[in-house]
Every structure is written in structure tokens, then in C-alpha cells.
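Undergrad: Build the 3D model from these lines:
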Amino acid sequence: MKGIIFSEFLELVEDKFGLEVCQQMLDENNDEGAYTAVGTYDHKHLVKLIISLSKVTGVSIEDLQQVYGKSVFLTLFQSMPELDGQALNTFEFIKQVESYIHLEVKKLYAEANPPRFKFISSTETEMVMDYISARCFSHVCFGLILGCAEHFNEIIDIQMTPVLDDGSQVRFTLTKS
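TA: The predicted structure is shown next:
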């Protein structure tokens with residue numbers, strides 16, 4: 001997992017909960033918090049940080065992941081300026097994630113293993129897709145979708161249904177309001 005994900009997470013924790021909570025979370029994991037944006041790190045470190053943050057703050061792991069996903073959307077979007085203006089709405093953008101963004105990530109970082117989206121159906125008002133990832137960050141994906149909808153000034157109802165019990169495949173049903 002790229003370091004930008006870690007550095008953005010630490011920035012969010014500091015902004016939302018303060019430096020003391022951020023430091024406590026890092027200390028509990030013997031983590032110095034030194035991540036470079038282009039470095040590659042084991043996603044399990046992020047999982048440990050989220051679990052510790054949940055214990056310290058009392059906020060559920062799922063809610064923390066959603067808040068993080070929503071907050072990091074704009075940073076990730078801005079990191080690919082060539083996409084600006086290529087999608088006119090949330091559904092169009094999400095389709096580009098699989099067909100363009102993840103392909104570009106793999107070109108830049110051969111070792112990258114981004115999640116996959118399997119599109120089941122799509123109309124003007126509803127999209128059904130499966131999120132597939134061994135990292136099981138479907139709640140981060142939920143937050144990213146929220147951030148995307150906010151970027152496009154759309155209200156989207158999001159339903160998540162586990163397809164596999166381990167969380168590695170989750171079905172999202174997105175409905176425009």
C-alpha cells in the first residue's frame with residue numbers, strides 16, 4: 001500500500017482527534033509515523049493503527065474507515081489531474097477507477113495490488129458493483145464513494161452487502177436521490 005495512504009491517515013487523525021491522540025495511537029504500535037508518499041508499506045500496519053485509534057477514541061473501526069475514505073478522496077482525485085473533467089458524475093467516475101486509475105497505478109507501481117470493481121448493472125439512477133480486495137477495506141471504499149458523490153454535488157444512497165464472509169468481496173448498491 002502506497003505511503004500517501006498512511007500519511008493522509010495520520011493527517012486526518014491529527015486534524016480530527018489532535019496530536020496527542022495521534023501520538024498515542026502511534027506509540028501503542030511502536031510506529032514512528034514516518035511514511036513517504038511514494039514508499040510501499042504493508043496494509044496490516046494501517047489496520048493496526050485503525051484498531052488502536054478505535055480503542056483510544058471509542059469510534060467504531062468501520063466509522064473510522066468511512067471517515068478516512070471520504071476525507072482522502074479529494075487528495076487522490078487531485079493526484080491525477082488528467083481526470084479532471086473526464087467524468088460528469090459519481091457513476092462515471094467510479095467506472096473510470098477500474099478502467100483507468102487502477103491500470104495507471106499498476107503501470108507506475110508493478111507491485112501494486114489495488115482493489116477490483118466488478119460492475120453488475122448500471123442505469124442513470126442505480127449502480128450495482130462488487131468491491132473485491134484481500135485487504136477488506138470496503139468501509140474505506142464506502143467513504144471514498146461518499147467523497148466522490150460530495151465532489152460531484154450528488155446525494156447517493158449506499159447499501160453494502162457482504163458477498164463473502166471474510167469481507168474480501170462486498171456488493172455496493174448505489175442509488176441517486
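Undergrad: For stretch 155-164, buried residues please.
TA: By 16 or more other Cβ atoms under 10 Å, the buried positions in stretch 155-164 come out as residue 156. (C-beta placed from N, C-alpha, C; glycine too.)
Undergrad: what residues does it touch?
TA: With Cβ atoms under 8 Å, 6 or more residues apart in numbering as the test, stretch 155-164 has contacts from 90, 130, 138-139, 142, 145-146, 149, 169-177.
Undergrad: Restricted to helices, list those.
TA: Among those, the ones falling in helices (DSSP state H) are 90, 138, 139, 142, 145, 146, 149.
Undergrad: Just give me the neighbour total for the third one.
TA: Burial of residue 139 is recorded as 22 neighbouring residues (other Cβ atoms under 10 Å).
Undergrad: got it, and the second one?
TA: Applying the criterion other Cβ under 10 Å, we find 26 residues in the vicinity of residue 138.
Undergrad: Return a ChimeraX selection command for the buried portion of the contacts of stretch 155-164.
TA: Command for ChimeraX, covering only those of these found buried under the criterion 16+ other Cβ under 10 Å:
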select :90,130,138,139,142,145,146,149,169,170,171,172,174,176
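Undergrad: Would you work out how far apart the start and end of stretch 49-65 are?
TA: 11 Å (Cα to Cα, to the nearest Å).
Undergrad: buried residues in it?
TA: Buried residues in stretch 49-65 (16+ other Cβ under 10 Å): 49, 50, 52, 53, 54, 56, 57, 62, 64, 65.
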